[in-house]
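Asker: show me the folded form of this:
(one chain, ligands or ions: 3)
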Amino acid sequence: MHPLRIILAVLVVGFVTAASYISFLLYDRYAALDQAGLWNVTWMFTQAPSEFSRLEHRVSGYAAGLPGVDENEVRLRFDIVVSRLSTLNGREASVFLGQSPLSVATLQELGAALVQVEPMLDDLGEPGKPAEILSVLEPIFPKLARLSVDANTWNSANLNRDRRALFDLQWAFTGVAFGLIGGGCLLVGMLLFHNRLLGRAQDVLRQKEQSLVIQNARFDAALQAMSVGLCLLDHEDTLIVYNARFLELFSLDASRDWEGTHISDALEGHLSGGDIFADTAADGESSDDITILSSRVQHMPNGVVLRVSREKTIEGGWVCTFEDITERQRAQDRVVQMARHDALTGMANRLYFWERTAQALRQNKDAGRGLAVLYLDLDRFKEVNDTLGHQVGDELLRDVAARIMSTVDPRDIVARLGGDEFAILHVSKGDAEESCRRLAARLLTVIGEPYLIFGHEVSVSTSIGIALAFDTDLHPDTLMKNADLALYNVKAEGRAAYRFFSMRMLEDLQHRRNLDIDMRQGIELGQFEVHYQPLVLLKTGKIVAGEALLRWRHPERGLVPPGEFIHIAEETGFINKLGEWVLQRACRDALQWPDDISVSVNLSPMQFRDSNLVKSVAAALVQSGLNPSRLELEITESVLLQKNDANLEALRQLKSLGLTIALDDFGTGYSSLSYLQRFPFDKIKIDQSFVRDVDRWPDSLPILQSIASLGKNLGMKTTAEGVETAAQLEIITNAGFIEAQGYYFSRPVPFTDFVALIEVPETDTASRITAFPRPA
Ligand code: C2E
Ligand code: MG
Ligand code: MG
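Answerer: Ligands and ions are numbered 1, 2, ... in the order given. A predicted model of the protein is given here:
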């Protein structure tokens, strides 16, 4: 049993015993009081009548001469009565007398009688004296008896009242005592309840303590297993808690207890090169010891990069974490490098070049240096790529990059913008234009020198567009666009040169843009028409085909030849729509001609970029109902240059539709005979430049002859374009060409004129041809 409970039980028992004992004592006192009350006043008054009667008895006895009764005896009895009277007049009886005026009168009567009797006692022996005395005393006795009864009555009434009061008192006490006992019991109950509560609280506390211990162990395990270094500092920056990673990161001795060590002492001496948090001041906080920990990224002297973060604790200390982000930082650096650099050459990329240009333009405002952007584009790089493979192409790009780097000023920024495009941000000290001119000329020479790549000797030229930052408020986009536009002009004007940007180029650009808009509207408004030029079979002089040649009947400019707008349509991609329109028109028109006359339609290389080409050709045939064998498509060599395999595949699919394919303008482009080998063309159309010069420049003749015989050997028809004179007709006829086309027979004419032309009796056309000697 709990000691506290024993003490409480003892106390309660003692309490009950004490209360019972007090109750008993009270009862005892009550009895004693009862006894004493009976004896006191009542007794005093009850004695008075008997003592008075004895006096009377002695006086009468003395008169009667009773033996033993003498004068002394009478006096004695008289004195007793006197004494009784004085007692009754004393303090003890005063309470009773105060309430009974009759009794006071009786006592006064008694006193008066005694005063009257006393002198008579001296003469007691005289006869008649006793009788005289008795007569005085006689009336008093009944009154005294009555007094005695009154005293008795009063006393007992008094006693009764006191007893009741005592009784009430006892009950009150008992009540109080039981109240106390009850209170005590309640107290004990409460104490017991309190005890139980305490016990329960203790259990909960014990459980909490246990879970706290477990939690602590877990926390410690987690802390130690953390990949992040962690330390907890108190308000004086001394170490309270730290984990293994923290020690490891700062190469701190793990066997030593670092608790209580100041953070700066702990980290000092384990770091070379001074304060690793030196660059923290940038945070703008005061430079107390701990402030140094607020930095976000710290480069340690050993190359490790830490991300440090800290948080204030409620006690005024810090929780600091240290994360090793070396690898992440490296990866990030790599990403940044990749995002800003070209993977193939390691040069800046377009984005970075733009940033540097923008930066240079800003700085240029103050410095006033000459700033220029040079755009470089390798000429016919695609051919290298397509003929020698991508590996050679990549290597060539790397070599070109290296040559550019070795040519430019170290301050210049060089970038590869993509493909075979390079850009240079050139900073010149003196005359900017002159400096650019020199640099561009040097670049043309250096890049133009042959390369030896994987055993192949490769030659490549470059075109350069230059834009000078003439305006200090120039936007980098504008500067770069200007350089690009200058480059475009170089390319359009024949490549392997440099051009400075000029406002005229911008106007041209605007012109081209307007033309593009006009063209798009023109097709909707029906401004385009197709003219046809006959192709004549030399052997018979018969028209065997008509070449569809596009014309634009412009409301202001009149009839615009294709040379003025086709290249723009090719640039903008509008050629696809235009080409499709020509194809459909030509197929429909040809349907009106005799079955033995075919129609020839020119396809732009750009149309081969459209994956729907084959479909739209097939659709044109189906929609018109023209026999595919009457359709001939003319392509140029450049179709085979670009996207080699895909284009070859498209050509094969086209041919599988049942139509024929002619190689147009042969001899002007790359003129690789391998093209003739790679695709089985049905016809070769030699470019009109060879025919044009043949009268004046006889050297063309062997070329014409060999192409004619090449076609013969390869089983391909040969057509000579641009036949304007009888002499030319004779030469190409003698050279062995199968067909001819040119102003000599007819210019390209509108559809109706062409129909009229083919309706002319054969002899007329033939007579024109037969006028010239033909080979036997
Ligand atoms: P091309 O396919 O070589 O067409 C022959 C061009 O030579 C035509 O010029 C024709 O008028 C011209 N020509 C024919 N005979 C003679 C001659 O005896 N002397 C001279 N000096 N020229 C002659 P055109 O119509 O101006 O067409 C030029 C080029 O435009 C065409 O060359 C062709 O490449 C292209 N072209 C024409 N129409 C279309 C078309 O519908 N689509 C595509 N993609 N290109 C077209
Ligand atoms: Mg043609
Ligand atoms: Mg041609």
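Asker: give me the sheet partners of the host helix or strand of Leu374 and which way each runs.
Answerer: Assigned by DSSP states H and E, Leu374 belongs to strand 370-379. Strand 370-379 pairs in its sheet with strand 421-428 (antiparallel), strand 461-468 (antiparallel), by DSSP bridges.
Asker: among those, which is nearest Gln116?
Answerer: Smallest distance to Gln116 across the strands paired with strand 370-379 (C-beta to C-beta): 163.7 Å, for strand 421-428. Yep, even glycine has a C-beta here, placed from its N, CA and C like the rest.
Asker: thinking again about what came up before, out of the strands paired with strand 370-379, which is closest to ligand 1?
Answerer: Evaluated with C-beta to the nearest ligand atom, the strands paired with strand 370-379 place strand 461-468 nearest to ligand 1, the distance being 23.1 Å.
Asker: for the residue nearest to Lys655 when sequence neighbours are not counted, give me the pLDDT.
Answerer: Among residues not flanking Lys655 along the chain, Ile661 sits closest, at 5.8 Å (C-beta to C-beta, 6 or more residues apart in numbering). As predicted, Ile661 sits at a pLDDT of 97.
Asker: quick one: residues contacting the closest residue to ligand 3 within the stretch 1-150 of the chain.
Answerer: Using C-beta to the ion, the point where the stretch 1-150 of the chain gets nearest to ligand 3 is His2, with a distance of 121.1 Å. By C-beta atoms under 8 Å, 6 or more residues apart in numbering, the contact set of His2 is Asn195.
Asker: pull the longest helix from this protein.
Answerer: helix 140-225 (DSSP state H).
Asker: separation between the residue lying closest to Leu376 once chain neighbours are set aside and ligand 2?
Answerer: Excluding the flanking residues, the one nearest Leu376 by C-beta to C-beta, 6+ apart is Phe422, at 4.2 Å. Distance, Phe422 to ligand 2, using C-beta to the ion, to the nearest Å: 36 Å.
Asker: list the contacts of Phe422.
Answerer: 347, 375-377, 400-401, 404, 414-416.
Asker: do that again at 7 Å, thanks
Answerer: Neighbouring residues of Phe422 by C-beta atoms under 7 Å, 6 or more residues apart in numbering: 376, 404, 414-416.
Asker: quick check, nearest of the residues you listed to ligand 2?
Answerer: Leu376 (33.4 Å).
Asker: what residues does this structure have near ligand 1?
Answerer: 533, 548-550, 561-563, 566, 579, 582, 602-604, 634, 664-665, 688, 721-724, 741-743, 748 (C-beta under 6 Å from any ligand atom).
Asker: which of the residues you listed fall in strands?
Answerer: 533, 548-550, 602, 634, 664-665 (DSSP state E).
Asker: and the residues you listed as TSV, adding pLDDT and neighbour count?
Answerer: TSV is the format used below for those (pLDDT from 0 to 100; neighbours: other C-beta atoms under 10 Å):
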residue	pLDDT	neighbour count
Gln533	97	21
Ala548	98	25
Leu549	98	20
Leu550	97	23
Asn602	98	22
Glu634	98	19
Asp664	94	24
Asp665	92	19
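Asker: show me which of the residues you listed neighbour ligand 3.
Answerer: Among these, the residues that sit close to ligand 3 (C-beta under 5 Å from the ion) are 664-665.
Asker: doesn't Leu559 belong to a helix?
Answerer: No. Leu559 is assigned strand when assessed by DSSP: H, G, I helix; E, B strand; the rest coil, not a helix.
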